[in-house]
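Participant: A predicted structure for the sequence below; I have some questions about it.
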Amino acid sequence: MRHIILAILLSLIALPGVSQSHYEGTIAMGGKAGATFSRVNFNPGVEQTMLPGATFGAMFRYIEEKHFGLIAELNMAQRGWKETFDDAPYRFNHRFTYIELPIMTHIFFGSQRIKGFFNLGPEIEVMIGDKISSNFAYQDAATMEYFLHDTRHIEQMTAELKNKLDYGICAGAGFEVNLSRKHSLLLEGRFYYGLTDAFANHKTDTFSSSNSMSVMVTLGYFYRLK
């Protein structure tokens, strides 16, 4: 099923090149930065909330049709999860740092000055950082007398990562303001859903799934080359 979804998305990316148009093509490059809010979809579930992080990167955009184009990016993004403990004074965050490469169909509309847009496509990413932040000895959580380990899962705290390569689907929406013919600013909100489990998911393992999900809000800048 996952491969079918990716095949459909790749087909969508190819759509702009199907029809011919007299629209003047443009090429632009730029950069962006912003914030991420992420969690890991464990099954069975883990009590958690969204973990804030940072993202930044470079963008390349090619537009040949009047309302369609292609965007490729090379970004750094922080993801992971933040566990919640109700009224207990515990804190546990597991943060991953990824280099990500999304390739998306770019659909835009609006006036020459202000445009709205949608981005959709596949994304592949490689983990380059893995950091745990905690205010207790999480390695010994199973033996802590007051840790409530009888009512919550703790295996994820010490589980060994299985996959440092992830792929998934990203979709975003926003608007772009053309400051001049060469310069523009854009604001985008984007959602990413990973299709790879970070931890082992065999029948003998605790979790049958552990894929990531994140929301990103970024401010970007494009410089038109053509």
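Facilitator: Alright, I've got the coordinates.

Participant: quick check: buried residues in the one helix or strand Thr218 maps to?
Facilitator: Element membership for Thr218 (DSSP states H and E) is strand 209-224. Residues of strand 209-224 classed as buried: Ser210, Asn211, Ser212, Met213, Ser214, Met216, Thr218, Gly220, Tyr221, Phe222, Arg224 (neighbour count, 16 or more other CB atoms under 10 Å). For the C-beta atoms, the positions are set from N, CA and C on the backbone; glycine is no exception.

Participant: again with stretch 107-127
Facilitator: Buried positions in stretch 107-127, judged by neighbour count with 16+ other CB under 10 Å: Ile107, Phe108, Lys115, Phe117, Asn119, Leu120, Gly121, Pro122, Glu123, Ile124, Glu125, Met127.

Participant: what's the neighbour count on Lys203?
Facilitator: Lys203 is flanked by 5 other residues according to other CB atoms under 10 Å.

Participant: kindly report the same for Ile169.
Facilitator: So Ile169, with other CB under 10 Å, has 20 neighbours.

Participant: same deal with Ala159?
Facilitator: For Ala159, the count of nearby residues is 16 (other CB under 10 Å).

Participant: how far off centre is whichever strand in the chain runs longest?
Facilitator: Counting residues, the longest strand found in the chain (DSSP state E) is strand 114-134. Distance of strand 114-134 from its chain centroid, counting by CA atoms, centre = their mean, to the nearest Å, is 3 Å.

Participant: repeat for stretch 202-213
Facilitator: For stretch 202-213, the distance to the chain centre is 19 Å (CA atoms, centre = their mean).

Participant: and for it, what are the contacting residues?
Facilitator: Defining contact as CB atoms under 8 Å, 6 or more residues apart in numbering, one finds that stretch 202-213 is touched by 38-44, 79-80, 96, 153, 155-156, 159, 166, 168, 191-201.
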